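In: okay, predicted coordinates and the sequence, questions at the end:
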There are 2 protein chains.
Amino acid sequence: MQVSGFNFIAGQRSALGDTLVYSVDAHTGERLPGAFHQATLAEVDTAVAAASAAFPLYRNLPAVRRAEFLEAIADELDGLGEDFIALTCQETALPSARIQGERGRTSGQMRLFAQVLRRGDFYGARIDQALPARTPMPRPDLRQYRIGVGPVAVFGASNFPLAFSTAGGDTAAALAAGCPVVFKAHSGHMATAERVAEALIRAAERTGMPAGVFNMIFGAGVGEALVKHPGIQAVGFTGSLKGGRALCDMAAARPQPIPVFAEMSSINPVLVLPQALASRGAQMAKELTASVVQGCGQFCTNPGLVLGIRSPAFSAFIEQLTGHMAEQTPQTMLNPGTLNSYGKGLQALLAHPGIKHLSGLAQAGNQAQPQLFEADVSLLLEQDELLQEEVFGPCTVVVQVADEAELRRAVAALRGQLTATLLADNDDLTTFGQLFSALEVKVGRVLLNGYPTGVEVCDAMVHGGPYPATSDARGTSVGTLAIDRFLRPVCYQNVPDALLPDALKNANPLGLQRLVDGKSSTAALN
Amino acid sequence: MQVSGFNFIAGQRSALGDTLVYSVDAHTGERLPGAFHQATLAEVDTAVAAASAAFPLYRNLPAVRRAEFLEAIADELDGLGEDFIALTCQETALPSARIQGERGRTSGQMRLFAQVLRRGDFYGARIDQALPARTPMPRPDLRQYRIGVGPVAVFGASNFPLAFSTAGGDTAAALAAGCPVVFKAHSGHMATAERVAEALIRAAERTGMPAGVFNMIFGAGVGEALVKHPGIQAVGFTGSLKGGRALCDMAAARPQPIPVFAEMSSINPVLVLPQALASRGAQMAKELTASVVQGCGQFCTNPGLVLGIRSPAFSAFIEQLTGHMAEQTPQTMLNPGTLNSYGKGLQALLAHPGIKHLSGLAQAGNQAQPQLFEADVSLLLEQDELLQEEVFGPCTVVVQVADEAELRRAVAALRGQLTATLLADNDDLTTFGQLFSALEVKVGRVLLNGYPTGVEVCDAMVHGGPYPATSDARGTSVGTLAIDRFLRPVCYQNVPDALLPDALKNANPLGLQRLVDGKSSTAALN
């Protein structure tokens, strides 16, 4: 478990700076052995230069070569042993079963993007053939496909040390798109990041990728220099609203503004409907509790708001929820900063006159106590800031509404969310079916009779949604559509077949489904 | 040719304000009859409220209904008579043949988006069916499609009073996406805008669209209130770098930042290669001149930079170009502001010690004189601001490079462009084929042996490119892909078939090509 603590630049290791940063044991707060060299501004510059130099080589590789690279990364990740799992657990206080699962999810994600590259739909190939006889003007031959935007800066998330970090979803999407990456390691799991970066570099070397296809820098404050660097063409981020918004503001103020895809703050409302409540209220109270405290509530999709129509059954549900929540044991959070934020969030809820504390022991020591609150619906309807902002941790807030009309008003008052969930039986859906349309405009994903904390990595997933859930509702950071964030269209006009990219050649050598003269086709053209 | 000058709000006309603005005859500068009521802040608010109220109704209409609306707009546009053409010519000084052509282009654009709606690929439908037996965790049923982002603010362009204005490309794309529009009429052709808005409202009424699906406001300074309005969810703009960047900055600074798709500044380099020069230099000099002065140079894709390798043949080409440009007659520009900007741009070029004036009479009176300059290559290589910025008008700048290597360095020094053009013969392509890859990262469209000033409206067109050509290289403002700017993905998890949107239903009632479990399919599911 030795760390070198050097930055990863152009396939080499670099430690030009004197500022050292340290990883800590998340359980004890004690400094772990080894030190990490904060990247100097010169190293940030070199890392971006390396990514920029790699871009023309890497983006022009056949997609199948990039697929092989991603698959090699997946193999390397799967090969990280028990000592790696132990290290990540030590840095994050997450249980080993979770980290093992997350390793599989992370390698699976790489393999899924490899499939996207082999499938080729990411090219978005479109061909409008020449119409030389058209009057009054002939139509030239026009062909469109998509290319990577350029070097991408990625910021790892604290709560997914593997799946949303060094070789996580944003990195996978960017690399799949043909964009070299400069990754800013999260301070919460730098030793883990180093091990993953080493795995990634081994895969890059093994598959003959250009040096600079992946770079990683350590340190505090280096993110600003990275986002402002003219070589960076897009940013991926998962974290707090404050942090994400700061990056968005920096990126927008650049001489050349660039897009930032930040996944930030969501309270993930769960709507408990009457028939479901009647038929399986007790079960739902149990399941919902499990979702709230899962992973110490440290999920972007943690259900932070539970809405139901005032009734004896909903009162009983709240009582059951209160009982279950009170039985939950405290857990160690990812790091002291997260625990501190959680404590502040709870204090704000406790101090609010419109909010009642239902269950949970007072915060003390270095673990997070699960907490349940009830808020007056007026706070939602009047868009009180407090109720709209995520409290990251094992905590949720119940709100009782008067009737269906007030439920709809409460939904309308919500800000953008990653998810919204209906717990509903068939009879509920007859009465409340219109809620889908109302929720759809607020969220990236609508769930029926599930809990939002599981995020499947697949083609159809949307882990996104309107602000402040993300900075750009048109993207997703989970699932294969995530590649779209780092692609842009280019059109070729009257370029001879031999000089066209393979995706646009007449013979359709990649076997793509293409939009040809307005019709979907896999055929070769004459 | 009577104008009411009232704003268009929620299908009604509104004139609450006292501030009047006037349209002028572009040839004479004289005020045209009638006055336009600048929208008050309250009217801006009402217009956005109308669009917001229309959104849930409009976006939930079947796509085929929106297609019928767009086709009705097209019919109404085609029905605008000769008096309308005369009016637009009067306001813009553009010739009537051009306006007639542009009317057809604008109605054709509406019909093309109607086809997109009928085709349904804009939904981007993706289905991952449940895997209940999967271990360790079953997979839920996940289905993704795309919905409109919400009300869109559109700013019309001066240089396309029809095709990039009231019922132009951005409006068509937004309406197709299911997004109601609040359109800010360009001050340069307000009477034209009124006539087009009336046509659009007739079409909306005829096809039973919700009031508020399209709104239009007049006036100076109202754009800021529009972009900052919390109801607006995206912005489309065509115009100057300064104006576009100002809107981007406003949108990024909102409490909820929103995307701005601004098409701004491009110098559209044309690379003249040796063999083409040898075989048809004289012809190219003639054609290039025609492209530079077409429409008085008032095209976003006007070739503003001509690059060639120093040689006797290229000297001869420059001489021919100089001769042709000197023969071109002055033309009236769209408005005094445009002429004034052109004059300032020319003065800056004339004042620069590294730039030589080759041909063109001194600016005088109210018409634009075509101008030709030659700049030292060092200006390009050192990224002199002057050479990178578009001079909007009938003007171009020739640059001689020493050799192929310097040509590549000059290309690398370019900022983002809408287009780049190679004038090349087969032998050139053997030698210079690598240029395509170098140009591709700089532009939205690469042309071979054409001129950039014709922009075909079709599926494969990209009228976009890296900053400052546009504010977001991932979009296009011409062609059917333009709809993507106003769509965002939503995922449904475990929602029963009856409650799914048609695009995602098992039976595939819309007959869509969908990505089902990783494979493209038009089949119905069980």
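Out: Thanks, I have it.
In: okay, and the helix or strand of chain A with the least pLDDT?
Out: Lowest mean confidence among the helices and strands of chain A (mean pLDDT, DSSP states H and E): helix A:385-388, at a mean of 89.
In: quick one: contacts of the helix or strand following that helix?
Out: Using DSSP states H and E, the helix or strand that follows helix A:385-388 in sequence is strand A:395-401. The contact list for strand A:395-401, computed with C-beta atoms under 8 Å, 6 or more residues apart in numbering or on different chains, reads A:267, A:288, A:292, A:297, A:302-310, A:314, A:318, A:321, A:325, A:342, A:345-346, A:349, A:355, A:358, A:360, A:370-377, A:379-380, A:387, A:407, A:410. All C-beta atoms are positioned from the backbone trio N, CA, C, and that covers glycine.
In: among those, which are within reach of chain B?
Out: With C-beta under 8 Å from any C-beta of the partner chain as the criterion, these include none near chain B.
In: count of residues packed around A:S4?
Out: 14 (other C-beta atoms under 10 Å in any protein chain shown).
In: got a list of what it touches?
Out: With C-beta under 8 Å, 6+ apart, A:S4 has these contacts: A:13, A:15, A:34, A:194.
In: which of the residues you listed fall in strands?
Out: Among the contacts of A:S4, the members falling in strands (DSSP state E) are A:R13.
In: would you mind measuring from the closest residue to A:R111 other than its chain neighbours to chain B?
Out: Distance criterion C-beta to C-beta, 6 or more residues apart in numbering or on different chains; nearest residue to A:R111, sequence neighbours excluded, is A:A74 at 4.9 Å. Distance of A:A74 to chain B, computed by C-beta to the nearest C-beta, to the nearest Å: 17 Å.
In: A:A74: what's it in contact with?
Out: A:107-108, A:110-111, A:114.
In: switch the cut-off to 7 Å
Out: A:107, A:110-111 (C-beta atoms under 7 Å, 6 or more residues apart in numbering or on different chains).
In: next: A:M190.
Out: By C-beta under 7 Å, 6+ apart, A:M190 lies in contact with A:23, A:36, A:218.
In: nearest to chain B, of those residues?
Out: Nearest to chain B out of these is A:F218 (C-beta to the nearest C-beta; 29.1 Å).
In: restrict stretch A:326-333 to CA atoms and write it as PDB.
Out: Output of stretch A:326-333 as PDB, limited to C-alpha atoms (Å, rounded to 0.1, in the frame of the first residue of the first chain):
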ATOM      1  CA  ALA A 326     -34.800   5.700  15.200                       C
ATOM      2  CA  GLU A 327     -33.600   2.100  15.000                       C
ATOM      3  CA  GLN A 328     -30.900   2.900  12.400                       C
ATOM      4  CA  THR A 329     -27.300   2.900  13.600                       C
ATOM      5  CA  PRO A 330     -25.000   5.800  13.100                       C
ATOM      6  CA  GLN A 331     -22.400   5.400  10.300                       C
ATOM      7  CA  THR A 332     -19.000   6.900   9.500                       C
ATOM      8  CA  MET A 333     -19.200   9.400   6.700                       C
END
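In: next one: it to chain centre, how far?
Out: The chain centre lies 25 Å from the centre of stretch A:326-333; the measure is C-alpha atoms, centre = their mean, to the nearest Å.
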